[in-house]
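>>> what's the 3D shape of this:
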Amino acid sequence: MKQAIGVIDSGVGGLTVASELMRQLPNEKLIYLGDTLRCPYGSRPEEEIKQFTWNMVHFLMEKDIKLLVIACNTATAYTLIDLQQKLDIPVIGVIQPGARAAINATKNKRIGIIGTEGTIRSNAYTKALHMINADITVISGSCPLFVPMVEKGILSGPEAYQTVNEGLQSMKDSADIDTLVLGCTHYPLIKDVIQDVVGEHVQLISSSEETARETSAILELHDLLNKDDTFFEHQFYTTGELSIFQKLTTNIFSHHLEYLSKIKIDKVSI
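Numbers count the residues shown, from 1 in each chain. Presented below is the predicted three-dimensional model:
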């Protein structure tokens, strides 16, 4: 089927998922929407997160997408089940794929989770991990300053290192973890800094690759894969500043994206 895969995120972090989807599913068209104007979602009330997410979903459903990827951990935690129940297309989040990858990676069964305040408050990763293996010890911590930093395009250098080091200090001091889940799709953009801070003995888990694999499997299961060798122009939309969004997309994709547009999304009833 030649319909597009829809991808939503609270900002630019979901571009890491989009990049992996493009790599693993080269025959598929993507329509991406990043709500950079209202980012971050992690510190917002639950009802506001749900409202903003549904606003984005409504925009993409108008584009006749065949599958929706929620490339935002906070939105996944608060809206995945509701979206799966109410939409007539498959809906995939980033938490379950990330949890499975962490279970496969850990040797000492001590897994760290870092994310936004909303994601950590939801306890979604702990629940997902314990559903797979109840013996896992989970150490969670919110890092509220990471997303605003990434949204400004600060991905390396002294300021990034200082922010990450301070944000992870309590986890470094209290946890003998061997695996750390980057529970926000913005965090892979500062993966090198995080790795430097926590040390090489800790394996970092990004859900981007696993989410792309799950998307491929779901498309095949529902006979939704595009089997034609057709060139598609992917579409990328942002609600915020176009110049910053364009800079970050160039960093991630290593080339200029042709179809990149700033839009305003309407509020919808949920």
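
>>> how many other residues sit next to residue 265?
18 (other CB atoms under 10 Å). The C-beta positions use only the backbone N, C-alpha and C, and glycine is treated the same way.

>>> for it, give me its contacts.
33, 35, 55-56, 58-59, 239 (CB atoms under 8 Å, 6 or more residues apart in numbering).

>>> any idea which element it lies in?
Using DSSP states H and E, residue 265 is not contained in any helix or strand.

>>> so what's residue 133 closest to, chain neighbours aside?
Of all residues not flanking residue 133 in the chain, residue 103 sits nearest, at 5.7 Å (CB to CB, 6 or more residues apart in numbering).

>>> quick one on the thing from earlier: from the contacts of residue 265, list just the buried residues.
33, 35, 55-56, 59, 239 (16 or more other CB atoms under 10 Å).

>>> where along the stretch 51-200 of the chain do the helices fall?
73-86, 95-105, 117-122, 124-132, 146-151, 158-167, 169-174, 191-198 (DSSP state H, counting those that start in this stretch).

>>> so which of these gets nearest residue 182?
Closest of these to residue 182 is helix 191-198, at 7.0 Å (criterion: CB to CB).

>>> and that closest one, how far from the chain's centre?
When distances are taken as CA atoms, centre = their mean, to the nearest Å, helix 191-198 is centred 18 Å away from the chain's centroid.

>>> what packs against that helix?
helix 158-167, helix 169-174, strand 179-183, strand 203-205 (3 or more CB pairs under 8 Å, 6 or more residues apart in numbering; DSSP states H and E).

>>> need those in a markdown table with mean pLDDT, distance to residue 51 and mean neighbour count, can you?
Formatted as a markdown table, the helices and strands packed on helix 191-198 follow (pLDDT from 0 to 100; distance: least, CB to CB, whole Å; neighbours: other CB atoms under 10 Å):
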| stretch | mean pLDDT | distance to residue 51 | mean neighbour count |
| --- | --- | --- | --- |
| helix 158-167 | 97 | 28 | 16 |
| helix 169-174 | 80 | 31 | 13 |
| strand 179-183 | 95 | 22 | 27 |
| strand 203-205 | 96 | 30 | 21 |
